[in-house]
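> Quick one, what's the 3D model for this:
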Amino acid sequence: MQAESSQTESVRSAQGAPLAAVLTARAPRADFAVIGLVGLAHGTSHFFHLLLPPLFPAFVRDFGLSYSELGLLVSLFFVVSGVGQALSGFLVDRVGARPVLFAAMGCFIAAALAASAAQGYGGLMLAAALAGLGNAPFHPADFTILNKRVSAPRLGHAFSVHGISGNLGWAMAPVFLIGVSELAGSWRAAYLGCALLAVGVLLLLLLKRDALDDRQGEDAGVARRVADAVPEHAMAFLKLPSVWMCFSFFFWTTAALSAIQSFAGPALARMHALPLSVTAWVVTGYMLFAAAGMVAGGFLLARTQRLERTIALAMAASALLLLVVAAGVLPPLMAVATVALAGFGTGLAGPSRDMLVKRASPPGATGRVYGTVYSGLDAGFALGAPVFGWMLDHGQPQSIFSGAAAALMLGVAFAGLVGWSMRGQVRTQSGLAD
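Numbers count the residues shown, from 1 in each chain. Model (predicted):
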């Protein structure tokens with residue numbers, strides 16, 4: 001009886017309390033579930049970015065392929081991903097993010113199985129294309145779910161976890177693929193392991209699918225504004241200058257990342273006669289510092305409104321560090337540490353960057369905007385890597401770091417233009433309201 005009385009009293013208290021208070025009490029656990037699941041999915045997508053590259057030496061040995069041919073597999077991945085990302089945003093807005101996310105995980109499973117069964121270049125091309133297709137929907141799907149299912153006070157932290165999980169996926173892939181292939185004595189076993197990993201993630205997402213239902217989290221105010229608005233063509237958002245400024249921002253900052261991720265190690269080895277066993281750690285260090293920066297950036301996001309200012313200061317600091325490395329004035333190990341430290345600035349800017357895109361998205365077009373804007377990331381990888389590779393081939397290792405710094409500063413300029421454009425829109429709307 002006492003238990004029943006206590007339960008009845010709890011129900012009465014909940015019924016008598018304001019609905020907002022009840023929702024606020026429940027929000028943290030629900031938010032953390034959404035953030036964790038989306039972060040896991042995003043980490044898996046970054047893991048599959050590197051499905052093939054860690055085992056390139058095995059393909060050279062077994063299939064007699066050149067590194068130029070293998071490099072085209074990376075280009076194929078990002079071309080498919082970039083085109084698919086721009087298109088998948090429309091699909092996310094039409095059918096919802098959750099089913100698209102599940103389909104993407106299915107593509108990863110198929111890509112891993114195709115890689116494990118590959119008998120030559122054609123099989124590897126199929127695996128690269130399937131992995132690129134799976135990667136395509138992640139940014140529009142992830143950010144649609146986060147923006148609709150995570151409460152505003154924790155949205156900055158959600159963006160931080162999203163970025164950190166991607167970095168961890170990049171860090172895990174080489175260790176997993178090379179480790180399993182050496183333990184099993186076969187690179188095909190490593191790809192079967194990748195398939196099982198993706199199956200496990202998909203099963204967890206299916207089990208917790210209610211937390212990923214973006215149709216439940218539609219903000220009432222946004223929904224009402226969309227319903228009341230004059231219907232526009234599905235491509236109308238492409239007329240917004242802020243969308244293309246965000247695209248350009250992602251293109252240039254990702255081009256800088258491609259320089260560090262692909263060529264920082266060999267460039268430092270040439271500049272300072274360091275062994276690759278030492279310079280190989282520069283990318284790992286860069287990603288770890290970037291992850292730490294993203295954690296700090298999530299807290300910083302809640303305390304600032306001028307997002308472009310945070311982005312500018314953080315990325316300018318990273319660019320300055322890279323320019324110091326390019327000057328060749330640092331001792332060898334200090335140069336390695338300085339490149340790694342530059343990752344903190346780019347990570348610090350990450351949550352503000354993602355929030356900037358959210359603010360640039362018109363109501364009802366979240367998926368389309370994120371899909372278009374984040375296709376700039378794929379374009380930056382696909383086009384930046386060959387340019388920086390050409391610099392290294394032509395004896396210009398310092399240009400890897402000076403070029404990356406220049407690309408970061410171009411990104412800063414476009415972030416500033418986004419902020420300026422959005423403030424102009426706000427002033428215009430205020431004037432019309434008056």
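
> okay, now Leu126: neighbour count?
Neighbours of Leu126 under the rule other Cβ atoms under 10 Å: 17. Every residue, glycine included, has its C-beta placed from N, CA and C.

> Could you do Pro99 as well?
Neighbours of Pro99 (other Cβ under 10 Å): 15.

> Now name the helix or strand holding it.
helix 97-117 (DSSP states H and E).

> Give me the buried positions along that helix.
Neighbour counts using 16 or more other Cβ atoms under 10 Å place 97-98, 100-105, 107-116 of helix 97-117 among the buried residues.

> which secondary structure elements does it contact?
Judged by 3 or more Cβ pairs under 8 Å, 6 or more residues apart in numbering; DSSP states H and E, the packing partners of helix 97-117 are helix 19-49, helix 67-95, helix 121-135, helix 138-149, helix 187-207.

> Could you tell me the least trusted of these?
Lowest mean pLDDT within those: helix 19-49, a mean of 79.

> Also compute the angle for that helix relative to helix 67-95, please.
Computed by axes from the mean of the first three to the mean of the last three Cα atoms, to 10 degrees, the angle separating helix 19-49 from helix 67-95 equals 160 degrees.

> can you list the weak-confidence ranges in the protein?
Within the chain, the ranges that satisfy pLDDT under 70 run 1-27, 67, 216-238, 276-277, 280, 302, 305, 360-366, 421-434.

> Domain-wise, how is it divided?
Taking automatic domain parsing as the criterion, the chain consists of the domains 33-213, 234-426.

> Just say which of the helices and strands packed on helix 97-117 is most tucked in.
helix 138-149 (a mean of 27; mean count of other Cβ atoms under 10 Å).

> distance between whichever helix or strand comes after that helix and the chain's centre?
Using DSSP H and E, the helix or strand that follows helix 138-149 in sequence is helix 155-184. Distance, stretch centre to chain centre, for helix 155-184: 12 Å (Cα atoms, centre = their mean, to the nearest Å).

> wait, isn't Val282 in contact with Val339?
Yes: the criterion here is Cβ atoms under 8 Å, and Val282 meets it with Val339 at 5.1 Å.

> list the residues that contact both of the two?
260, 264, 268 (Cβ atoms under 8 Å, 6 or more residues apart in numbering).

> in which helix or strand would I find the residue nearest to Phe388 when sequence neighbours are not counted?
On the basis of Cβ to Cβ, 6 or more residues apart in numbering, the spatially nearest residue to Phe388 that is not a chain neighbour turns out to be Ala259, at 4.4 Å. Ala259 belongs to helix 241-272 when elements are defined using DSSP H and E.

> What is that helix packed up against?
Here helix 241-272 is seen to pack against helix 276-279, helix 281-301, helix 332-360, helix 366-393, helix 397-433 when contacts are counted using 3+ Cβ pairs under 8 Å, 6+ apart.

> Switch the ones you listed over to JSON lines; also include distance to Ala211.
Formatted as JSON lines, the helices and strands packed on helix 241-272 follow (distance: least, Cβ to Cβ, whole Å):
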{"stretch": "helix 276-279", "distance to Ala211": "42"}
{"stretch": "helix 281-301", "distance to Ala211": "20"}
{"stretch": "helix 332-360", "distance to Ala211": "20"}
{"stretch": "helix 366-393", "distance to Ala211": "18"}
{"stretch": "helix 397-433", "distance to Ala211": "31"}
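
> Of the shared contacts of Val282 and Val339 - the most surrounded one?
Greatest neighbour count in the shared contacts of Val282 and Val339, by other Cβ under 10 Å, goes to Ala264: 28 neighbours.

> just to revisit the earlier point, indicate which one of the helices and strands packed on helix 241-272 is closest to Phe250.
helix 366-393 (3.4 Å; Cβ to Cβ).

> Tell me the secondary structure at Gly328.
Following DSSP: H, G, I helix; E, B strand; the rest coil, Gly328 is assigned to coil.

> Please report phi then psi for it.
Gly328 adopts backbone torsions of phi 70, psi 20, taken as degrees, to the nearest 10.

> Next one: the closest residue to Ala117 other than its chain neighbours from Ala406, what distance?
Closest residue in space to Ala117, ignoring its immediate chain neighbours: Gly123 at 6.4 Å, by Cβ to Cβ, 6+ apart. Between Gly123 and Ala406 the distance is 39 Å, computed by Cβ to Cβ, to the nearest Å.

> still on that earlier bit, please say which of Val282 and Val339 ends up with more neighbours.
Remark: of Val282 and Val339, Val339 carries more neighbours, 29 against 26, as counted by other Cβ under 10 Å.

> Surely the more buried one and Gly265 touch.
No: with contact defined as Cβ under 8 Å, Val339 does not reach Gly265; the gap is 9.3 Å.

> shared neighbours, the two?
Common neighbours of Val339 and Gly265 (criterion: Cβ under 8 Å, 6+ apart): Val282.

> dump the residue contacts of Cys107.
By Cβ under 8 Å, 6+ apart, the contact set of Cys107 is 130-131, 133-134.

> Pipe those residues into JSON lines and attach distance to Leu333 per row.
Listed next are the contacts of Cys107 as JSON lines, based on distance: Cβ to Cβ, whole Å:
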{"residue": "Leu130", "distance to Leu333": "41"}
{"residue": "Ala131", "distance to Leu333": "36"}
{"residue": "Leu133", "distance to Leu333": "42"}
{"residue": "Gly134", "distance to Leu333": "39"}
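
> among the residues you listed, which two are most distant?
Farthest apart among these by Cβ to Cβ are Ala131 and Leu133. That separation is 7.3 Å.
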